[in-house]
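J.: Kindly generate the corresponding structure for this input.
(2 chains)
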Amino acid sequence: MVFQILLTLFALFAIMKTIGQYRRAQVSKYWVVVFTLLWAAVVIITAIPHLADILAGYVGIGRGADLILYCAVVVLTYAVYRSIVRDQKLSAEMTSLVRAVAINQAQVPEVEPKI
Amino acid sequence: MKIIAVIAAYNEESRIAGSILDAMPYVDAVVVVDDGGKDKTAEVAHSAGAHVLRHIVNRGQGAALETGTTYALQNLGADIIVHFDADGQMKGSEIPMMVEPILSGQADVVLGSRFLGKEAENMPLVRKIMIKLGLLFTITLSGIKVTDTHNGFRALSRKAAEQIRITLDRMAHASEILDLIKAKRLRYVERPVTIFYSAETLAKGQSTLKAVATAKDILKKKMFGE
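T.: Numbering: from 1, shown residues only, chains lettered A, B, ... in the order given. Next up is the predicted model:
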């Protein structure tokens, strides 16, 4: 029972944090809804462990814990992939920006050698 | 024919002036790209009479060469671009010999080679082995037969420079250039060049570990095009 209480408290904390960030316009309403649903699902599943087993049975996996683990791996892998793609795009944009600034502010030699 | 030398420099305040003055007699202008270094490279280069461009954030040698080349083409109307080094490893007096095949219309790209007769001075054995391994790796992947894949001394005609856009910001650009030569069907020749290895340049140069990162960049570009 201790775990369920701690997890519920943490979930409430995480949801409040997201709402706070939404108020400061750091995340969109979309993420408030997604995270709230996610944490609610986590709380419900840990509160009623049997529930995950039932769901696992429907999709052909033995244990509820395994189902949760598989889902977590898929979601996290996708999140990391998205993050890498965004990182590369940002890096390319950064190079373009740095290049544009460099060319814009080029220092021409005071005494032109031959040109 | 306007010949422009492009030098990518990162924290080279003690050697950059020497390189600029070495190249200057053989070109119409020298463009130095200070790749976000923390020392006085830009100031020294400017005093030495170069056009100076500053990357406000370090982006890597490939990115710096691309910046300098773009500037030379757009702002200086370059007919020939020469990629030169910042630390006195190359000889300015070899620039005329490097651009000659372009002037005579024999080639679009001239690549310097450390393995065509002229032996590189003081090249350590480990470096030699790493270069040969890199060579094998690049030839296998790009299918272009050259004797030295990672030599920074090269000359490009305006047409070639316009077609060779470097997108790999770090050290894999040397292989990317070879790939583009092949893909764009540019005519290329190799010329023997002298590369001098001093204790100072070796301390700063490419480590064996960096070679692995470079190989990764090349493979990634090959397999996924990015």
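J.: is any part of the lengthiest helix in chain A close to chain B?
T.: In chain A, assigned by DSSP state H, the helix with the most residues is helix A:64-104. Yes: legend: contact between helix A:64-104 and chain B by CB under 8 Å from any CB of the partner chain is shown at A:88, A:91-92, A:94-95, A:98-99, A:101-103. Placement of C-beta: from N, CA and C, glycine included.
J.: and the residue nearest the centre of chain B, what element?
T.: A centroid search over chain B (CA atoms, centre = their mean) returns residue B:152, at 3.1 Å, as the residue closest to the centre. For residue B:152, there is no helix or strand it lies in under DSSP states H and E.
J.: Now do the same contact list for the nearest residue to residue B:62 once chain neighbours are set aside.
T.: Distances taken as CB to CB, 6 or more residues apart in numbering or on different chains place residue B:173 nearest to residue B:62, at 3.1 Å, with adjacent residues excluded. Residue B:173 makes contact with B:61-62, B:65-66, B:166, according to CB atoms under 8 Å, 6 or more residues apart in numbering or on different chains.
J.: Among those residues, which one lies nearest to chain A?
T.: Distance to chain A across the contacts of residue B:173 (CB to the nearest CB) is lowest for residue B:66, with 7.0 Å.
J.: Thought residue A:99 was touching the closest one, still the case?
T.: Yes: the criterion here is CB atoms under 8 Å, and residue B:66 meets it with residue A:99 at 7.0 Å.
J.: Comparing these two, which residue is more hemmed in?
T.: Taking other CB atoms under 10 Å in any protein chain shown, residue B:66 and residue A:99 do not tie; residue B:66 has more neighbours (25 against 21).
J.: For that one, which three-state class applies?
T.: helix (DSSP: H, G, I helix; E, B strand; the rest coil).
J.: Could you grab the helix/strand/coil label for the nearest residue to it once chain neighbours are set aside?
T.: Once flanking residues are discounted, residue B:66 sits nearest to residue B:166: 4.1 Å by CB to CB, 6+ apart. Here residue B:166 is recorded as coil under three-state DSSP.
J.: residues in contact with the helix or strand encompassing residue B:141?
T.: Element membership for residue B:141 (DSSP H and E) is helix B:125-142. The contact list for helix B:125-142, computed with CB under 8 Å, 6+ apart, reads B:114, B:144-150, B:175, B:178-179, B:182, B:197, B:202, B:206, B:208, B:211, B:214-215, B:218-219, B:222.
J.: go with 10 Å
T.: B:114-115, B:120, B:123-124, B:144-151, B:172, B:174-183, B:197, B:202, B:205-208, B:210-211, B:214-215, B:218-219, B:221-223 (CB atoms under 10 Å, 6 or more residues apart in numbering or on different chains).
J.: Buried ones from those residues, can you make that a PyMOL selection?
T.: Burial among the contacts of helix B:125-142 is assessed by 16 or more other CB atoms under 10 Å in any protein chain shown; the matching PyMOL selection reads:
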select buried, chain B and resi 114+115+120+144+146+148+149+150+151+172+174+175+176+177+178+179+180+181+211+214+215+218+221
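J.: List the ones among the contacts of helix B:125-142 that fall in helices.
T.: B:174-183, B:202, B:208, B:210-211, B:214-215, B:218-219, B:221-223.
J.: Now rank the residues of helix A:64-104 next to chain B by neighbours and give me the top one.
T.: Using other CB under 10 Å as the neighbour criterion, residue A:102 leads those with 25 neighbours.
J.: surely it meets residue B:33?
T.: Yes: with contact defined as CB atoms under 10 Å, residue A:102 counts as touching residue B:33 (6.7 Å).
J.: center of chain A - which residue?
T.: The structure's chain A has its C-alpha centroid closest to residue A:79; by CA atoms, centre = their mean the separation is 5.7 Å.
J.: and the lowest-mean-pLDDT helix or strand in chain A, what does it pack onto?
T.: Least confident helix or strand, chain A: helix A:49-59 with a mean of 86, by mean pLDDT, DSSP states H and E. Helix A:49-59 is packed against helix A:29-47, helix A:64-104, with contacts defined by 3 or more CB pairs under 10 Å, 6 or more residues apart in numbering or on different chains; DSSP states H and E.
J.: And the lowest mean pLDDT element among the helices and strands of chain B?
T.: Scanning chain B with mean pLDDT, DSSP H and E, the lowest is helix B:199-204, at a mean of 63.
J.: rewinding a little: quick check: phi and psi on the residue nearest to the centre of chain B?
T.: phi -80, psi 0 (degrees, to the nearest 10).
J.: Tell me who's in contact with it.
T.: B:7-8, B:61, B:65, B:83-86, B:89-90, B:112, B:171, B:173-174, B:193, B:195.
J.: if you set the cut-off to 7 Å instead, what comes out?
T.: When contacts are counted by CB atoms under 7 Å, 6 or more residues apart in numbering or on different chains, residue B:152 touches B:83, B:85.
J.: Same check on the one 4 residues further on?
T.: Under the criterion of CB under 7 Å, 6+ apart, the contact list for residue B:156 reads B:81, B:109, B:164.
J.: cool, residue B:155 as well?
T.: B:80, B:82, B:98-99, B:102, B:110.
J.: Also residue B:177?
T.: B:164, B:166.
J.: so how far is residue A:1 from it?
T.: Separation of residue B:177 from residue A:1 (CB to CB, to the nearest Å): 65 Å.
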